[in-house]
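Q: fold the following for me, if possible:
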Amino acid sequence: MFDSPAVDFHAFGPEIVLVAVLVVLLLVDLIFEERARWASSTIAGVGLLAALVPVLTLAVDGSDRSMFGGAYVVDNFALVLKGLFLVAGYLTVLISTDYIADGDYYEGEYYFMLLSSLLGMTVMASARDLLSIFVALELLSIPAYLLAGWRKRDLRGNEASLKYYLLGVFASAVMLYGMSLVFGVTGSTLLSEIGAVVSAGARSVPVVTVGIVFIVVGFAFKVSAVPFHTWAPDTYEGAPTPITAFLSVASKAAGFVALIQLVFLGFLGRDDVWAPMFWVLAVLTMTVGNLIALRQTNIVRMLAYSSVAQAGFMLAPFAVGADIPLDRGGIGAATGAVVTYLLIYSAMNLGAFAVVMAVARKTRSGEIASYGGLFQYAPGLTVLMTIFLFALAGIPPLAGWYAKFVVFKSLLDAGTAAAVALAVVAAVNSVIALYYYASVAREMWMSPLPEGQDAAPVRVPASLGASLVLCALATLAIGVAPNLIARLGELALFGALP
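A: Next up, the predicted model:
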């Protein structure tokens, strides 16, 4: 007889709470139907806050926990990212509440899908095995495909969902084939064992190389890296705006979490394969994203290409991670740079999309031209949007400067010619990005009201206003005193391994 594997229920606390909330959401929706529509967002929001409690208790406990032979690990890295996913999910619920309630969007199913995707993300943060990574990826992706097309009567929404689904399935197939090649050579799905075999020098080197390339390409789709970004602008524009914000932050972060684990745990010994790939991906992603963003007239598409460009900055530490000396942090410095950027980017980007939603309640338009004269009738929203835009551009003393700082520090710490060249490209792209962010600010502050638009004030619902305040406070506080986020980035290191 086989012994049952030991299960640490405390370690599974966040996931157990999310599953319980999903069951409650399903039962309430089935039993009370339309009478309980109003309660769905409350249950989802309270459930996400409740899921943060075991994250905090595990952090206070401080011990690393490894289960199933090392396939599932709860360490500082996992806890920081679980916290990010749950907070991003909570903010998404806040900005979704009135948006979903105002339309026939089946609230119960909406929040069920949203929390299902978040469950996959929390599992991804602890996955240290090819199979668990793939299962987590599918659990977070499949609900996201449905959420992208949630406006069933909108042709653009249908196109967004279909494009996201088809390219997502193709990317999953490519990635799974790469995983099968790596497993065939190493004989294991555990990242720690794969890393040991790859570092020692596998006999079938070409097969391992192909496997690594396919896996990186598969996850490059998830993080919308160029040239695998083509789904992002259309999906972001066609999806409901709260889901666009969710995909641009939480879903992108999950892709980077998987890349960090695969590259820095499983493939560390083959930096000759993945480092040049990430260098090219980073340069293409930040450059193409910024250049196309310059030409956009729609604020959502501009933020979509901005999100692509921001992914390029986050890819940069991967390109130089193996070259950073141990006395300057080594691989840990690269991991910390990516995690720190993700934490700061989440607050900035969610805040920007929250303002877009608030303004669209009045203008019913996503065109940048509709932001003309915004300061005349919505000065608070104008100030907030300016804060988020200049934070995304990396202007001190807003939080974005520190995100850019940790990336540039990792590049300069590596000190190689390739790293310095990448730093120069990143600096040039920072200037390009500032131009289109500042163009939106100029429209809000200096342009007149569009013809036919009145100057009546914008009504901001309480939940949307709360999300705006939280994001703005985080953006300002981190920019002025980045010590807390810096500490989280330093703590986000891999712990228990079998």
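Q: now residue 263: how far from residue 178?
A: 13 Å (Cβ to Cβ, to the nearest Å). Yep, even glycine has a C-beta here, placed from its N, CA and C like the rest.
Q: which one's more surrounded, those two?
A: The neighbour comparison of residue 263 against residue 178 (other Cβ atoms under 10 Å) goes to residue 263, with 28 against 23.
Q: quick revisit: need the overlap of contacts for residue 263 and residue 178.
A: Common neighbours of residue 263 and residue 178 are listed as residue 216 (criterion: Cβ atoms under 8 Å, 6 or more residues apart in numbering).
Q: flag the shaky bits of the stretch 51-200 of the chain, pLDDT-wise.
A: For the stretch 51-200 of the chain, applying pLDDT under 70 flags the ranges 101-105.
Q: could you pull out the helices for it?
A: In the stretch 51-200 of the chain, the helices defined using DSSP state H, counting those that start in this stretch lie at 76-101, 107-126, 130-148, 155-186, 191-200.
Q: of the ones you listed, which is nearest residue 219?
A: Closest approach to residue 219 among the helices of the stretch 51-200 of the chain is made by helix 155-186 (6.5 Å; Cβ to Cβ).
Q: quick one: buried residues of that closest one?
A: Residues 157, 159-165, 167-168, 171-172, 174-176, 178-179, 181-182, 185-186 are the ones in helix 155-186 that count as buried (16 or more other Cβ atoms under 10 Å).
Q: stretch 205-216 now?
A: 208, 209, 210, 211, 212, 213, 214, 215, 216.
Q: what packs against the longest helix anywhere in the chain?
A: Ranked by number of residues, the top helix in the chain under DSSP state H is helix 330-363. Using 3 or more Cβ pairs under 8 Å, 6 or more residues apart in numbering; DSSP states H and E, the elements in contact with helix 330-363 are helix 76-101, helix 241-246, helix 252-261, helix 299-320, helix 379-393, helix 400-414, helix 462-480, helix 483-491.
Q: against which helices or strands is the fifth one packed?
A: The criterion is 3+ Cβ pairs under 8 Å, 6+ apart, and the helices and strands that helix 379-393 contacts are helix 330-363, helix 374-377, helix 400-414, helix 417-446, helix 462-480.
Q: related to what we said a few turns ago, how about the buried residues of stretch 205-216, which pair is most distant?
A: 208 and 216 (12.5 Å).
Q: ranking the helices and strands packed on helix 379-393 by burial, who's on top?
A: Greatest average neighbour count among these goes to helix 330-363 (a mean of 24), per mean count of other Cβ atoms under 10 Å.
Q: and that one, how far out from the chain's middle?
A: 8 Å (Cα atoms, centre = their mean, to the nearest Å).
Q: can you check stretch 170-181 too?
A: On Cα atoms, centre = their mean, the centre of stretch 170-181 falls 21 Å from the chain's centre.
Q: could you do stretch 42-57 as well?
A: Relative to its parent chain, stretch 42-57 has a centroid offset of 19 Å by Cα atoms, centre = their mean.
Q: and what of stretch 388-408?
A: Centroid displacement of stretch 388-408 relative to its chain, using Cα atoms, centre = their mean, is 17 Å.
Q: can you give me the end-to-end span of that stretch?
A: Chord length of stretch 388-408, first to last residue, is 21 Å (Cα to Cα, to the nearest Å).
Q: what pLDDT, on average, does it get?
A: The average pLDDT within stretch 388-408 is 92.
Q: cool, and stretch 7-14?
A: Mean predicted lDDT for stretch 7-14 stands at 85.
Q: what comes up buried for it?
A: 11, 12, 13, 14.
Q: wait, the third one touches residue 58, no?
A: Yes - applying Cβ atoms under 8 Å as the test, residue 13 and residue 58 come out as touching, 6.8 Å apart.
Q: please report how far residue 22 lies from residue 44.
A: Residue 22 is 9 Å from residue 44, by Cβ to Cβ.
Q: so those two - more neighbours on which side?
A: Per other Cβ under 10 Å, whichever of residue 22 and residue 44 has more neighbours is residue 44, with 28 against 20.
Q: in contact with the more buried one, which residues?
A: Shown in contact with residue 44 (Cβ under 8 Å, 6+ apart): 21, 25, 93, 111, 114, 115.
Q: now residue 309
A: Applying Cβ under 8 Å, 6+ apart, we find residue 309 in contact with 285, 286, 287, 289, 290, 293, 429, 433.
Q: check residue 319 too.
A: 275, 276, 278, 279, 282, 418, 419, 422.
Q: in this structure the first one contacts residue 322, no?
A: By that I understand residue 275. Yes - Residue 275 lies in contact with residue 322 (Cβ under 8 Å); the separation is 5.8 Å.
Q: returning to that earlier point: quick one: which of the helices and strands packed on helix 330-363 is nearest residue 122?
A: Once the helices and strands packed on helix 330-363 are compared by Cβ to Cβ, helix 76-101 is nearest, at 4.9 Å.
Q: contact partners for the closest residue to residue 81 other than its chain neighbours?
A: Spatial nearest neighbour of residue 81, excluding adjacent residues (Cβ to Cβ, 6 or more residues apart in numbering): residue 125 at 4.0 Å. Listed by Cβ under 8 Å, 6+ apart, the contact set of residue 125 reads 77, 78, 79, 81, 82, 85, 257.
Q: so how do I select the buried members of these in PyMOL?
A: In PyMOL, this line selects whichever of the contacts of residue 125 come out buried by 16+ other Cβ under 10 Å:
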select buried, resi 77+78+79+81+82+85+257
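Q: can you redo the contacts of residue 125 as a markdown table with distance to residue 454?
A: Output for the contacts of residue 125, formatted as a markdown table (distance: Cβ to Cβ, whole Å):
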| residue | distance to residue 454 |
| --- | --- |
| 77 | 51 |
| 78 | 51 |
| 79 | 49 |
| 81 | 45 |
| 82 | 45 |
| 85 | 40 |
| 257 | 46 |
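Q: list the buried residues of stretch 481-492.
A: The neighbour-count check on stretch 481-492 (16+ other Cβ under 10 Å) flags 482, 485, 486, 488, 489, 490, 491, 492 as buried.
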